[in-house]
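1. Sequence below, structure please.
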Amino acid sequence: MAGSVAPHAVVLALLLLAGLAAAQRGTTPTPTPAAAAPAPDPGCNGIEVTYNFGGRTKIRPYVSDKNKQPYAFRANVTVRNSGTRPLKSWAALVTFGYDEILVGVDGAVLTGGGELPYNTTEDAGNATSFSGYPQTDLLTPIATAGDLSQIQASVGIVGTLFAGPGFDPLPTALSLDDPAYACPAATNLTSKVLSTCCVLTPEAEANATVIDANATDPTKNFLPRGTGDLVITYDVLQAYPSSYLALVTLENNAKLGRLDNWRMSWEWRRGEFIYSMKGAHPSEVDTSGCIYGAPGQYYQSLDFSQVLNCDRKPVILDLPLSRYNDTQIGKIDNCCRNGTILPKSMDEAQSKSAFQMQVFKMPPDLNRTKLFPPANFKIAGASSLNPDYTCGQPVPVSPTAFPDPSGLDSTTLAVATWQVVCNITTTKGAKPKCCVTFSAYYNDSVIPCNTCACGCPANRRGPTCSTTAQSMLLPPEALLMPFNNRSHKALAWAELKHYNVPRPMPCGDFCGVSINWHVSTDYNKGWSARVTLFNWEDVDMANWFAAIVMDKAYDGFEKAYSFNATSVGKNTIFMQGLEGLNYLVKQTNMSGIDYLVPGKQQSVLSFTKKLTPGINVVAGDGFPTKVFFNGDECAMPQRIPMSNGFGNRLSSGLALVLFLAASAFLLLQQ
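-> Residues are numbered from 1 along each chain as shown. Prediction:
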C-alpha cells in the first residue's frame, strides 16, 4: 500500500536506536562467542601401513575339512607417508596366518627375491616382506601438497589361502620392514581392514642425518651404501631415451666366503632386454622372447640377430681368462676370471668381478631419466663348497665416482647407482661340505669324520648302513681310500684291536673334502702338526684356502713349511697353496690301484711353547676347535685321540703312508 512502511524496516530502525542509546550510556554489547577450533586429526602422522582384504572365492578341490579348504583371495597393502621425512626404499612386513600362497604381486616384489607362486610359510617367523617396485621412495605430504601418487604406494596381492568360511582372514601382524621405525600392533578399522601407524624410533630420530624433507627429487637424498658378505653395484654409465649402458660389479666382503664359476640372475620387470655385453655372457643366447613379443612389435627396424638375450630372467656367467684381452667382449676391469671371486683376506685383487651391458627399454620408460634396475638378484657358485647367498632388492645410493682413466685429478659420476646386498645364509638343517679327521703320534688309530657328517642320501634302499652309529676307528692307510673301500679295513682293524662293530655298520661321511690333522711331535720347547687335504670331488679346486682355529695354541704358531700360512685375528691360522701349487686336484686313477685316489696336499706346521706356557698338546690343546675350507665350516670329530702308550709308532707310520702316497701321486701327474 502506498506510503506504508515495511515491517523489516521498522525492526531495523528500532535496533539502530537501541544501539545508539547503549553507546550513549558507555556500554558495549556482548560479542557472540567464536566457534571452537576443530580437534586435531587423530589419524597417522607417520607411515601408515594398511591391509585391505578384498574377499575370497572357494576353489577346487573341495575338501571335507573346512580349515583345509582352498580359497582364492585378493588383498591390497597400502603404504602412505604422512610424516615429515621421505621414506627411502620402503618395505612392508605382512605376517600371514592362513598358509597363504602368493600367486601374483603388483606394485612390489618379494624382498628376498622369492619366486611366484610363493608359500608364505617358508618365511622365518612367517613374516613376508614386500619391497616397493618400481616406486621405491615415498616423499612427504609437505613437499608434494599431499599428492597421493608421490606419497603413497599400493601393492595388489592375489593368492590362495586355507581357512573356514564365515570370516575375513586378515594377517596376524603388519609393520614396516625398517629398524628405524616402531610400529604398534595393527588394529582393525573394519572387519576387512587392518592398519598400523609407524613412527621413527627415538634413537633413529636422534641419529638421523640432516635431509631436505621438502625435496621433491628423490635422488637428492640417498640411503647410505650397504654392507654385506657380497655387494652387487648396478651403475648406469650412459643413458639414452630407449637404452642405457650399465656396469655391474660384484664385491666379496666375506672374511672366508668365496665363489667359483659364479652364476648370477635377475628379473627384468619393465620388459627390458640385453643387446650386448662385455666381460660376461648369458648362459643362453636367445632372442625368441623379443621377436615374438612386445619388443619385436615396437622395435620394427632393430636387427634382432645382433641382440644377445631376451629372457625375463637371464643367467649370467663370467668369461674365462683367455677372453680378457678380447676387444669385442673383454677389456673390462675385474672381468674374465672364470667366475672366481676370492675373499680379500686371500687376494684383494681377485675379490671383485665386473661386466658391462647395453640394455634396451620398453614403453613407457622411453626417457633418459626413466631408469629402473632389475629385481630379484640371485648369485651362486658352481662348487658344492661355495656358500649360499640371500640377496635383498636394489637400493638407490649416491652415484659411484669413477676416477679419470688418463690420470687427471677428476672423477666422473654414474648417471644412477643401485646396490644389492647379499649375505651368506645357512638353510635350516643344512649339512657341512667338508669334514676333519684327527690322529696323533701317541695313538695308532685315526678318528674319522662323523657318520653322515655332510649328510646321507635319503633314497637309500634298505638298511644297508646306519646313519646314527658312531664312525669306526681306522688304520692310517684307510684315509687314502674312498669310503666304499674302507669297510674291510675298518673291520680288520676292529678285529685286530678288539673294537665293537655296529650292525649295520655306520654310513660314510659323504664329504667332498676331508682334512686330516695329525699331531706329529711334542717336546719341551715346541711341537708340530701335519695337515693333509683330500679332494674327493670330480673337479679341481683352484686357489683353495683353509682356516684353522686354534684357541690355546695360536700364539705359539711359527710357520708352515709347504703352504703359505699367516696368523689372522686372535686365534686363526689362514693357509693356502704356494704359488704354482695352489690346485687341489680331483680324485683320479693311480697305476696298480683299483679305486680312485683323492687329490691331496699337505704341510707341517711348527709351534713354540715359549708364548703358550702350560699348553697340554696331548690333552687336546694341540687340536683345532674349528676348521674352514674355502669358506665352509667343516664338521669336526666328537673326540680326540687318547694316549695309549704306542709311542712314536704312528708318527712314522702315518707320515710314511701319506708321504709315499703324495710322492706317487705327484709322479703320476708328471
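2. okay, CA-based contacts and neighbour counts for the rest of this
-> Fine.
3. and residue 331, what does it touch?
-> 278, 279, 324, 325 (CA atoms under 8 Å, 6 or more residues apart in numbering).
4. Separate out the buried members of those.
-> Using 16 or more other CA atoms under 10 Å as the burial test, those include 278, 279, 324 as buried.
5. Let me have the contacts of residue 331 in TSV, adding distance to residue 345, pLDDT and secondary structure as columns.
-> Below are the contacts of residue 331 laid out as TSV (distance: CA to CA, whole Å; pLDDT from 0 to 100; DSSP: H, G, I helix; E, B strand; the rest coil):
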residue	distance to residue 345	pLDDT	secondary structure
278	28	98	strand
279	24	98	coil
324	24	96	coil
325	27	96	coil
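6. what's the closest of the residues you listed to residue 419?
-> When the contacts of residue 331 are ranked by distance to residue 419 (CA to CA), residue 279 comes first, at 19.5 Å.
7. I'd assumed residue 320 was in contact with the closest one.
-> No - look at residue 279 against residue 320 with CA atoms under 8 Å: they stay out of range, at 9.3 Å.
8. residues bridging contact with the two, i.e. touching both?
-> residue 336.
9. residues contacting the nearest residue to residue 287 once chain neighbours are set aside?
-> Excluding the flanking residues, the one nearest residue 287 by CA to CA, 6 or more residues apart in numbering is residue 310, at 5.1 Å. For residue 310, the contact set (CA under 8 Å, 6+ apart) comprises 272, 273, 274, 286, 287, 288, 289, 290.
10. Whichever of the residues you listed end up buried, select them in ChimeraX.
-> Provided next is the ChimeraX selection string for whichever of the contacts of residue 310 are buried by 16+ other CA under 10 Å:
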select :272,273,274,286,287,290
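11. Adding pLDDT and secondary structure as columns, could you present the contacts of residue 310 in a markdown table?
-> Shown next, in a markdown table, are these (pLDDT from 0 to 100; DSSP: H, G, I helix; E, B strand; the rest coil):
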| residue | pLDDT | secondary structure |
| --- | --- | --- |
| 272 | 98 | coil |
| 273 | 98 | strand |
| 274 | 98 | strand |
| 286 | 91 | strand |
| 287 | 95 | coil |
| 288 | 94 | helix |
| 289 | 94 | helix |
| 290 | 96 | helix |
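12. Going by distance to residue 465, which of the contacts of residue 310 wins?
-> Using CA to CA, the contacts of residue 310 come closest to residue 465 at residue 286, 47.2 Å.
13. Hmm, the closest one is touching residue 311, no?
-> Yes - using CA under 8 Å, residue 286 is in contact with residue 311, at 7.1 Å.
14. In terms of helix, strand or coil, where does the most centrally placed residue in the chain fall?
-> Nearest residue to the geometric centre of the chain (CA atoms, centre = their mean): residue 390, 2.3 Å. At residue 390 the chain is in strand, as set by DSSP: H, G, I helix; E, B strand; the rest coil.
15. Tell me what it is bridged to.
-> residue 423 (DSSP bridges).
16. Would you mind writing the CA trace of stretch 162-179 as PDB?
-> Extracted in PDB, the C-alpha atoms of stretch 162-179 (Å, rounded to 0.1, in the frame of the first residue of the first chain):
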ATOM      1  CA  PHE A 162      43.200 -72.200   3.600                       C
ATOM      2  CA  ALA A 163      40.500 -71.200   6.200                       C
ATOM      3  CA  GLY A 164      37.000 -72.000   7.100                       C
ATOM      4  CA  PRO A 165      34.100 -69.800   6.000                       C
ATOM      5  CA  GLY A 166      32.300 -67.100   7.900                       C
ATOM      6  CA  PHE A 167      35.000 -64.500   8.500                       C
ATOM      7  CA  ASP A 168      37.600 -62.400   6.700                       C
ATOM      8  CA  PRO A 169      41.100 -63.900   7.100                       C
ATOM      9  CA  LEU A 170      43.400 -61.000   8.000                       C
ATOM     10  CA  PRO A 171      47.100 -61.100   8.800                       C
ATOM     11  CA  THR A 172      48.200 -61.500  12.300                       C
ATOM     12  CA  ALA A 173      50.700 -58.600  12.200                       C
ATOM     13  CA  LEU A 174      51.600 -55.700  10.000                       C
ATOM     14  CA  SER A 175      54.600 -53.300  10.100                       C
ATOM     15  CA  LEU A 176      57.400 -51.700   8.200                       C
ATOM     16  CA  ASP A 177      60.500 -53.800   7.400                       C
ATOM     17  CA  ASP A 178      62.700 -51.000   8.700                       C
ATOM     18  CA  PRO A 179      64.500 -50.900  12.000                       C
END
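17. Show me what it is in contact with.
-> Residues contacting stretch 162-179 (CA under 8 Å, 6+ apart): 49-51, 53, 55, 66-71, 90-100, 129, 183-186, 191-196, 198.
18. low-confidence ranges in the stretch 551-670 of the chain?
-> 644-670 (pLDDT under 70).
19. hey, which helix or strand in this structure has the poorest pLDDT?
-> When each helix and strand of the chain is scored by mean pLDDT, DSSP states H and E, helix 7-24 comes last, with a mean of 40.
20. Would you mind identifying the next helix or strand past that helix?
-> strand 47-58 (DSSP states H and E).
21. Need the mean per-residue confidence for that next one.
-> Average pLDDT, strand 47-58: 97.
22. Return the list of strands paired to it, each annotated with direction.
-> Applying DSSP bridges, one finds strand 47-58 paired with strand 70-81 (antiparallel), strand 193-200 (antiparallel).
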